[in-house]
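> Got a predicted structure plus its sequence, pasted below:
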Amino acid sequence: MARRTLPLNDLSIKKVIRTAKTENKTIKSFDGGGLFLLVDKSGNTGWRFKYRINNKEKLISFGVYPDISLSDARKQRSEARELIAKGIDPSLSRKMQKTKQANQQKNTFRSVAKEWLSKRIDLADITRSRIERCLNHDILPAIGNVPVSLITPQLLLEKVLRPMEKREVIYSAHRVRTIISQALRYGIACGLLARDSTVDLRGALPPIQRQHLAAITEPGQVGALLRAIDGFDGTATVKAALQIHSYVVTRPGELRHMAVGRN
């Protein structure tokens, strides 16, 4: 097995590849510092890095040449040697990084949000439908595939909230921000991220413009309202509901459920 001891360059690498093919043998061509190019009989090339840590000799791959250039391989060698100097095994560090990346891809906002919503058994059907509509229309198309640990305030503002602001749906934008926050807080509880990035978006959206609904403020006008209800010529159920509402002053939805429960 031939061994080259001088630093490599692209010209010498091509020569080594030709030699390996011509002589039908595997060649290790060293660049120094533990980095070498392994060339097999077919001319296939791969970067390798040999090192020692904890009194053990180890070997890791840096990728295939020319996909990984000589300069890229040298950069990986420098990074690996820095880890070794700190007592960190580059091979173990790489495995931990791959595990971290795999977990990030697994724990996307889509998966976390859907799991969070499935746990909210306390929600009314109408509330659940409203949340699902916001998720499917405004949130998931923009950040559904982003790992929750990589979601930043800037990302949310650019991809989700600013487009809604341009559509002038400010109330919905505030609601969407709240939904995202609740899903992220669930992710925090599960140990998937450190903090809720929507906290830094306070004040980033225009405030909701509240509109006051007309209301009777003069006692004398109440009688006129009751007489108008008494003269209502719609269905008997609606008329009865209006009359009852004058006494119980409850929410219309609750009044409707009272009628359904009676039936």
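Ah, there it is.
> Please make it C-alpha for all contacts and neighbour counts, starting now.
OK.
> Break down the chain into its strands, ranges please.
Assigned by DSSP state E, the strands in the chain fall at 3-4, 27-32, 35-39, 45-53, 56-63.
> Reformat those strands as TSV; add distance to Ala204.
Shown next, in TSV, are the strands of the chain (distance: least, CA to CA, whole Å):
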stretch	distance to Ala204
strand 3-4	60
strand 27-32	53
strand 35-39	50
strand 45-53	49
strand 56-63	44
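> and the ones you listed as CSV, adding mean pLDDT?
Shown next, in CSV, are these (pLDDT from 0 to 100):
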stretch, mean pLDDT
strand 3-4, 49
strand 27-32, 91
strand 35-39, 94
strand 45-53, 94
strand 56-63, 93
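> what's the most buried one of the ones you listed?
The highest average neighbour count among the strands of the chain, using mean count of other CA atoms under 10 Å, belongs to strand 35-39 at a mean of 25.
> what's that one packed up against?
If you count contacts as 3 or more CA pairs under 8 Å, 6 or more residues apart in numbering; DSSP states H and E, strand 35-39 packs onto helix 10-23, strand 27-32, strand 45-53, helix 70-85.
> Tell me which of those lies nearest to Lys100.
helix 70-85 (17.8 Å; CA to CA).
> between the closest one and strand 27-32, how many degrees?
70 degrees (axes from the mean of the first three to the mean of the last three CA atoms, to 10 degrees).
> Using CSV, write down the CA coordinates of helix 70-85.
Output in CSV follows, covering the C-alpha atoms of helix 70-85 (Å, rounded to 0.1, in the frame of the first residue of the first chain):
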residue,chain,number,x,y,z
LEU,A,70,-9.5,19.5,0.0
SER,A,71,-10.1,22.9,1.8
ASP,A,72,-13.3,21.5,3.3
ALA,A,73,-11.6,18.4,4.6
ARG,A,74,-8.8,20.5,6.1
LYS,A,75,-11.5,22.6,7.9
GLN,A,76,-13.1,19.5,9.3
ARG,A,77,-9.6,18.3,10.4
SER,A,78,-9.0,21.6,12.3
GLU,A,79,-12.4,21.4,14.0
ALA,A,80,-11.8,17.8,15.0
ARG,A,81,-8.4,18.6,16.4
GLU,A,82,-9.9,21.5,18.4
LEU,A,83,-12.4,19.1,20.0
ILE,A,84,-9.6,16.6,20.8
ALA,A,85,-7.6,19.4,22.5
